[in-house]
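Colleague: need the 3D shape of this:
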Amino acid sequence: MARLRAAVICEWTETVNTPAAQTRFKHFINSTQRDPNVQVVAEREQHRPATPYERIPVTLVEENA
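Modeller: Alright, predicted model coming up:
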């Protein structure tokens, strides 16, 4: 059991301590923009990600300013 516990790696700790791994999350850091690929559902007065069956198909259209 001790060998198994020693082999477990915390992915969060590894990401925080590895600058190369942090680049995968750079677009989320301090961004006020919503991710158009994530849909949320209200449940018990909270928001959670929608399951595949709850998602509504959406076509993204860019506006030219």
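Colleague: for this structure, what are the low-confidence residue spans?
Modeller: Applying pLDDT under 70 to the chain flags the ranges 28-29, 65.
Colleague: any idea how far residue 57 is from residue 37?
Modeller: Distance from residue 57 to residue 37, counting by CB to CB, to the nearest Å: 12 Å. For the C-beta atoms, the positions are set from N, CA and C on the backbone; glycine is no exception.
Colleague: just want to know which of these two has more residues nearby.
Modeller: When residue 57 and residue 37 are compared for neighbours, residue 37 comes out ahead with 8 against 4, by other CB atoms under 10 Å.
Colleague: please identify which helix or strand holds that one.
Modeller: Using DSSP states H and E, residue 37 falls within no helix or strand.
Colleague: tell me how many other residues crowd residue 38.
Modeller: By other CB under 10 Å, 9 other residues sit near residue 38.
Colleague: do residue 54 as well
Modeller: Neighbourhood size, residue 54 [other CB under 10 Å]: 11.
Colleague: what sits closest to it if chain neighbours are left out?
Modeller: Closest residue to residue 54 apart from its sequence neighbours, by CB to CB, 6 or more residues apart in numbering: residue 41 at 5.5 Å.
Colleague: who touches the helix or strand the one you found falls within?
Modeller: Applying DSSP H and E as the criterion places residue 41 in strand 40-43. The contact list for strand 40-43, computed with CB atoms under 8 Å, 6 or more residues apart in numbering, reads 47-51, 54.
Colleague: rebuild those residues as a markdown table, extending it with secondary structure and distance to residue 16.
Modeller: Formatted as a markdown table, the contacts of strand 40-43 follow (DSSP: H, G, I helix; E, B strand; the rest coil; distance: CB to CB, whole Å):
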| residue | secondary structure | distance to residue 16 |
| --- | --- | --- |
| 47 | strand | 25 |
| 48 | strand | 25 |
| 49 | strand | 23 |
| 50 | coil | 28 |
| 51 | coil | 29 |
| 54 | coil | 32 |
